[in-house]
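**Q** Everything below, folded, please.
(2 chains)
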Amino acid sequence: MKITPVRGTHDFFGQQVIKYRTIQDLISHYSVIYNFEEIITPIFESTELFKKPLGENSDVVLKEMYTFKDKNEDFLTLRPEYTTPMIRSAISNNLLEKLPKKLYGIGPMFRRERPQKGRYRQFNQINFEILGTHDISADIDLIILANNFLKNLLPEKKINLFINSLGDKNTITNFSIALGNYFKQNKKKLTEESQSKIVLNPIRILDSKDPTDIEINLNAPQISDFYSNEAKEKFSNIQKILKDMSVDFSINMNLVRGLDYYCHTVFEFKTSDLGSQDTLIGGGRYDGLTKLLGGPDIPGVGWAGGIERLIMLMDDIKPLQKNIHLIIINESFKEYGLKVANQLRQKNISIHFDYKYNLKKSLSHANQLGARFAIIIGEEEVEKNLCTLKDLNKNIQEKKTIENIIKDLS
RNA sequence: GCGAACGUAGCUCAGUUGGUUAGAGCGCGGGCUUGUGGUGCCCGAUGUCGAGGGUUCGAAUCCCUUCGUUCGCCCCA
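**A** Residues are numbered from 1 along each chain as shown, chains lettered A, B, ... in the order given. Prediction:
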């Protein structure tokens, strides 16, 4: 029986691991520069935690969560997103006394969707969250952090930033009602899919890709007509500052995000190189969420980025092959060879030994792995208490004492 | 969850209207070279043709089921 990974899951090895670590290192770097604290939370939580915040009628809650009953009858869910657990953790551990609190996290998320390129059932996400400030500077800092991170990681790629504002709580409510009424009047012209959303989630009709829906959407009420003065001002200030800081963006009035907790600023970084799964980073403001989770009534803003999608856009990274290959020509010189390796390793020189005792094979192996040097030990070397150091690029070699080799390689 | 395409060697793929022992390149193993890699030449092994069932004298090829991948929808990171 051949055992394969579960549908929608995959193993990381080789280049993927190198790329994953590269992303992780870069994130860690930015977390220091922007002063975010890392938080690591369990991968499963009580099901309750996700239901309300994400929206009882959201697709994530309705059909994508991995939920199971524990042996004591509790319902548990593998986390489908990280914002909610991070806030839960901040509340549980009383981390919200000094505000704002800036947290970041990296780890696996789980959604039972149909797998596709760039969409997996277990996937890794990076999250940055700022809790406890209404200031648009936080929104802007996060957008610029994401922008700088992407530019640094993928300098050659064309990535577009789209922003929108969902206004405050009243905006969304009133807009939804108006939108619902408008779509009811035009019900017959909409696709079946969209018709089913009129009552439950009319906002979602706005980002339909269907041409007839798009035509109806053209004359639909505009969310901007429902902004409060405050929301309007916030949004225009954000645009102004981003422009002043020469961050390229476009406004997409139909950008509505799938989780219920968003309000005010929402944004997405998209690429055209990944096909249908084109969002690299998405986020926004979620001012009521912390209170909803039983914490203080504080605002929040954050984003999530998909690591698999970033990895797909990265060029291969040449591993720094600094290994020195130890080649022992005959098994009888094993002990001498191991002693040499030990001395070098204690000086922090990386030594690879393939346990083969075959000069030809080992040299070939060293070559394949891109090694720069080989240390060769045979009868002549052992007799004179020396080692041969061979430069594989220049194809020159010389017998030397261990002390001299350490000097050469340090 | 809906629609469609695809699945042959470790990898990339060929395989005619169903026909005998299923092929190529790359990679892998061995040799030319018993203390010297990369280039070259020679030799060799690649395999549950995704899995299961059916039609047929005969199936990689046709049909059904199933698993997986990919594309679109949906959704999102």
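**Q** Just the buried residues of the helix or strand in which residue A:363 is found, please?
**A** Using DSSP states H and E, residue A:363 sits within helix A:359-368. Residues of helix A:359-368 classed as buried: A:362-363, A:365-366 (neighbour count, 16 or more other C-beta atoms under 10 Å). Using the backbone N, CA and C atoms, a C-beta is placed for each residue, glycine as well.
**Q** CA atoms only: put that helix into CSV for me.
**A** C-alpha atoms of helix A:359-368 as CSV (Å, rounded to 0.1, in the frame of the first residue of the first chain):
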residue,chain,number,x,y,z
LEU,A,359,37.3,8.1,-3.8
LYS,A,360,35.6,8.2,-7.1
LYS,A,361,32.0,8.0,-5.8
SER,A,362,32.7,10.5,-3.0
LEU,A,363,34.2,13.0,-5.3
SER,A,364,31.3,12.7,-7.7
HIS,A,365,28.9,13.1,-4.8
ALA,A,366,30.8,16.1,-3.5
ASN,A,367,30.6,17.6,-7.0
GLN,A,368,26.9,17.0,-7.3
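**Q** so the helix or strand that that helix is followed by versus helix A:359-368, what angle?
**A** Next helix or strand after helix A:359-368 toward the C-terminus (DSSP H and E): strand A:373-377. Computed by axes from the mean of the first three to the mean of the last three C-alpha atoms, to 10 degrees, the angle separating strand A:373-377 from helix A:359-368 equals 160 degrees.
**Q** Just confirm yes or no for strand A:373-377 near RNA strand B.
**A** Yes. Counting by C-beta under 7 Å from any atom of the strand, RNA strand B is contacted by strand A:373-377 at residue A:376.
**Q** for the stretch 151-300 of chain A, which spans come out with low pLDDT?
**A** Scanning the stretch 151-300 of chain A for pLDDT under 70 picks out A:258.
**Q** Show me where it has its strands.
**A** Secondary structure of the stretch 151-300 of chain A, counting by DSSP state E, counting those that start in this stretch: strands at A:159-165, A:250-251, A:263-271, A:279-285, A:300-306.
**Q** I'd like those strands as a markdown table, with mean neighbour count appended.
**A** Formatted as a markdown table, those follow (neighbours: other C-beta atoms under 10 Å):
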| stretch | mean neighbour count |
| --- | --- |
| strand A:159-165 | 20 |
| strand A:250-251 | 11 |
| strand A:263-271 | 23 |
| strand A:279-285 | 24 |
| strand A:300-306 | 24 |
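**Q** Put together a markdown table for those strands, with distance to residue A:231 on each row.
**A** Shown next, in a markdown table, are the strands of the stretch 151-300 of chain A (distance: least, C-beta to C-beta, whole Å):
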| stretch | distance to residue A:231 |
| --- | --- |
| strand A:159-165 | 6 |
| strand A:250-251 | 14 |
| strand A:263-271 | 6 |
| strand A:279-285 | 10 |
| strand A:300-306 | 14 |
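**Q** re earlier: I'd like to know which of the buried residues of helix A:359-368 is nearest to residue A:102.
**A** The closest of the buried residues of helix A:359-368 to residue A:102 turns out to be residue A:366 (C-beta to C-beta; 46.7 Å).
**Q** quick one: contacts for the closest one?
**A** Residue A:366 makes contact with A:325, A:327, A:352, A:374, A:392, according to C-beta atoms under 8 Å, 6 or more residues apart in numbering.
**Q** what bridges to the third one?
**A** Beta bridges link residue A:352 to residue A:325, judged by DSSP bridges.
**Q** shouldn't it be in contact with residue A:327?
**A** No. Judged on C-beta atoms under 8 Å, residue A:352 makes no contact with residue A:327 at a distance of 9.9 Å.
**Q** of those two, who's got more company?
**A** Neighbours were counted for residue A:352 and for residue A:327 using other C-beta atoms under 10 Å; residue A:327 has more, 26 against 18.
**Q** three-state assignment of the more buried one?
**A** Judged by DSSP: H, G, I helix; E, B strand; the rest coil, the three-state class of residue A:327 is strand.
**Q** so how far is RNA strand B from residue A:236?
**A** Using C-beta to the nearest atom of the strand, to the nearest Å, one obtains 24 Å as the distance from residue A:236 to RNA strand B.
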